[in-house]
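1. Sequence and predicted structure, then a few things I'm wondering about:
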Amino acid sequence: MNFRPYILSHQRRSDGRYNVKIRISHHGTVAYAPTELYVNDSQINTAREVKDLKVLRVCADIIDAYEAICREHYFEIAAMDHANDVRDFVVRKSQPFRLNFWTYADQVIRQRRETGHAKTAECMQRSVNAFRDYLRVQPLDITTITPSMIRQFLIHLQTPRRVCRRDQFGILQVQRHDALCESSAKAYAVDLRTIFNEARAEYNADDLRIKNDPFLGVNLSRRANGSGGSRALEVEDVVRIFHAHPIDKLQALARDVFCISFALCGVNIADLYAMPPLVDGRAEYCRVKTAGRRADNAFISVAVPDDVAKEVYDYRARLSSAYAFRFRELYKSKDGFLRAVNDGLHALAKSLGMRDITTYYARQSWATIARNVCNIDIADISMALNHVAENRVTDRYIKPDFSRIDNANRRVLDAIKGAIILPRSAK
């Protein structure tokens, strides 16, 4: 194997210059790798060899790179029959890898949508949009993303900010975004890490092209120092919400949705919005978040407690509807419904002198009261929250007994002293 600078005399350009080649000899064959270097007659000698020292130094760097590739891939190079194969290999390996992170992210998000993971795609799109707003760089080379960039992005998300978005008419509108809590900010970075890791898995399969890891050393744990359950309310606060007297329809809706969610084992708002009609007094549905990722489609069945049955049925959709509740008649989208309920809860909590709360407090409060007040087994709480079983293999052999959920829910409802009676004046 031999590399050296070379000039092909018959390839003299019209401006009198020659392209400097790297001559590659291998197993008695010869090939020429072009460079971006050009010389004229004054820079070569009578033997048609390059004599310009600056050009020769650059050629030496190129040859050093080629030889390093050959050493790293010795057995692959040795198995090649012709110098043309060696040339193509070393030229390809020596080219700097470029991948536009935005383009790849769009590809990943599109794949998520096409495979039925619309919610995951929505969250990823939100995270990528926020990262794009922060950097304002187009394109973004994936190899240039650094840990410092991610840490600064997390700080950026935890401060109030303004972003520009085009509305449905193509007009730029300024939107104000409130500061995110640390956990929510980290969720954005986790989405970016998922996309980045998929790129590494794809492009590093045969060769180490993406060498950087911008998430290395960045703490993205969303539960730090025992902070789990930070969105859980005390029993007394749950009771206060149940007995609150809203001053307007928005607060009334927010209070009632919170109570219905709590009374159904902390069902997520997305599941309330998409829930099919009740079956024999039971809420039976597949959890929106994980339905496409689990063999059981994340199915769950919860009995509607007798002491809230009337109030839950007051929110029923029409008999001809494909859904259990009439929230879709009030709000065209799940996001609009969620925003309205959270706005109502914000105002309701303020009027009660409580900390700011969201719909998710109903879920964490149910779980915390179930464990800490009612001493319910963790496995039953996990089942009630529709989480993945800890031992998936064993769980496949066991037919689910949803009465365990009903019994756990009954104990939690009893723990709040029979206070789950939704006021009907606001309906």
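-> Happy to help now that I have it.

2. List the residues that contact Asn84.
-> 29, 31 (C-beta atoms under 8 Å, 6 or more residues apart in numbering). From N, CA and C alone the C-beta is placed, and that goes for glycine too.

3. now Ala83
-> 24-27, 29-31 are the contacts of Ala83 under C-beta under 8 Å, 6+ apart.

4. try 10 Å this time
-> Neighbour list for Ala83: 1-2, 23-33 [criterion: C-beta atoms under 10 Å, 6 or more residues apart in numbering].

5. now Glu67
-> Counting by C-beta under 10 Å, 6+ apart, Glu67 has contacts 1-3, 90.

6. Next, Val39: phi, psi?
-> Phi and psi for Val39, reported as degrees, to the nearest 10, are phi -130, psi 160.

7. Tell me which two in the contacts of Glu67 are the farthest apart.
-> Of all pairs drawn from these, the greatest distance, 12.8 Å, lies between Asn2 and Val90 (C-beta to C-beta).

8. Spit out the residues that contact those two alike.
-> 24, 63, 67.

9. Can I get those in a markdown table including secondary structure and pLDDT?
-> A markdown table is the format used below for the shared contacts of Asn2 and Val90 (DSSP: H, G, I helix; E, B strand; the rest coil; pLDDT from 0 to 100):
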| residue | secondary structure | pLDDT |
| --- | --- | --- |
| Ile24 | strand | 93 |
| Ile63 | helix | 94 |
| Glu67 | helix | 93 |
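
10. For the stretch 251-400 of the chain, just list every one of the helices.
-> Here the stretch 251-400 of the chain has its helices, by DSSP state H, counting those that start in this stretch, at 269-274, 306-314, 327-330, 334-351, 360-368, 378-384, 392-395.

11. Please apply the same query to the stretch 1-150 of the chain.
-> 53-72, 74-78, 83-94, 101-114, 118-135, 147-157.

12. what's the closest of those helices to Ile210?
-> The nearest among the helices of the stretch 1-150 of the chain, by C-beta to C-beta, is helix 101-114 at 10.4 Å.

13. Can you give me the domain boundaries for this protein?
-> Here the domain assignment for the chain is 2-94, 101-203, 235-415, based on automatic domain parsing.

14. which of those is buried the deepest?
-> Comparing those by mean neighbour count (mean count of other C-beta atoms under 10 Å), domain 235-415 ranks first with a mean of 17.

15. check contacts around Met66.
-> Wrong residue type there; residue 66 is Tyr, not Met. By C-beta under 10 Å, 6+ apart, the residues touching Tyr66 are 1, 3, 22, 24, 33, 86-87, 89-91, 93-94.

16. three-state assignment of Asp401?
-> coil (DSSP: H, G, I helix; E, B strand; the rest coil).

17. Please give me every residue in contact with it.
-> 383, 407.

18. go on, the one 5 residues further on?
-> By C-beta under 10 Å, 6+ apart, the contact set of Asp406 is 265, 282, 301-305, 384.

19. helix, strand or coil for it?
-> Applying three-state DSSP: Asp406 is helix.

20. before we move on, the earlier item: and the domains of the chain as JSON lines, adding distance to Asn219?
-> Formatted as JSON lines, the domains of the chain follow (distance: least, C-beta to C-beta, whole Å):
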{"stretch": "domain 2-94", "distance to Asn219": "34"}
{"stretch": "domain 101-203", "distance to Asn219": "8"}
{"stretch": "domain 235-415", "distance to Asn219": "22"}
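
21. among those domains, which is nearest Pro214?
-> The nearest among these, by C-beta to C-beta, is domain 101-203 at 4.3 Å.

22. What is the end-to-end distance of the closest one?
-> 13 Å (C-alpha to C-alpha, to the nearest Å).

23. And it, how far out from the chain middle?
-> Here domain 101-203 is found 8 Å from its chain centre; the criterion is C-alpha atoms, centre = their mean, to the nearest Å.

24. again, but for stretch 328-345
-> 23 Å.

25. Repeat that for stretch 8-25.
-> On C-alpha atoms, centre = their mean, the centre of stretch 8-25 falls 51 Å from that of its chain.

26. CA atoms only: put that stretch into CSV for me.
-> C-alpha atoms of stretch 8-25 as CSV (Å, rounded to 0.1, in the frame of the first residue of the first chain):
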residue,chain,number,x,y,z
LEU,A,8,-1.7,13.8,-14.4
SER,A,9,-0.2,15.8,-17.2
HIS,A,10,-3.0,15.1,-19.7
GLN,A,11,-5.5,16.7,-17.3
ARG,A,12,-4.2,20.2,-17.6
ARG,A,13,-7.1,22.7,-17.3
SER,A,14,-7.8,25.6,-19.6
ASP,A,15,-6.4,28.0,-17.0
GLY,A,16,-3.1,26.1,-17.0
ARG,A,17,-3.5,24.4,-13.6
TYR,A,18,-3.5,20.8,-12.6
ASN,A,19,-5.6,19.1,-9.9
VAL,A,20,-3.3,17.4,-7.4
LYS,A,21,-4.2,13.7,-7.0
ILE,A,22,-3.2,11.2,-4.3
ARG,A,23,-1.9,8.2,-6.1
ILE,A,24,-2.9,4.9,-4.5
SER,A,25,-1.1,1.6,-5.3
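
27. quick one on the thing from earlier: identify, from the contacts of Asp406, the entry nearest to Arg200.
-> Distance to Arg200, by C-beta to C-beta, is smallest for Ala384 among the contacts of Asp406, at 37.5 Å.

28. my guess is that closest one meets Ala408, correct?
-> Yes. Under the criterion of C-beta atoms under 10 Å, Ala384 makes contact with Ala408 at 5.4 Å.

29. Now for these two: what residues contact both?
-> By C-beta under 10 Å, 6+ apart, Ala384 and Ala408 have these common neighbours: 265, 366, 370, 376.

30. quick revisit: can you redo the helices of the stretch 1-150 of the chain as CSV with distance to Leu253?
-> CSV is the format used below for the helices of the stretch 1-150 of the chain (distance: least, C-beta to C-beta, whole Å):
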stretch, distance to Leu253
helix 53-72, 65
helix 74-78, 66
helix 83-94, 61
helix 101-114, 30
helix 118-135, 23
helix 147-157, 29
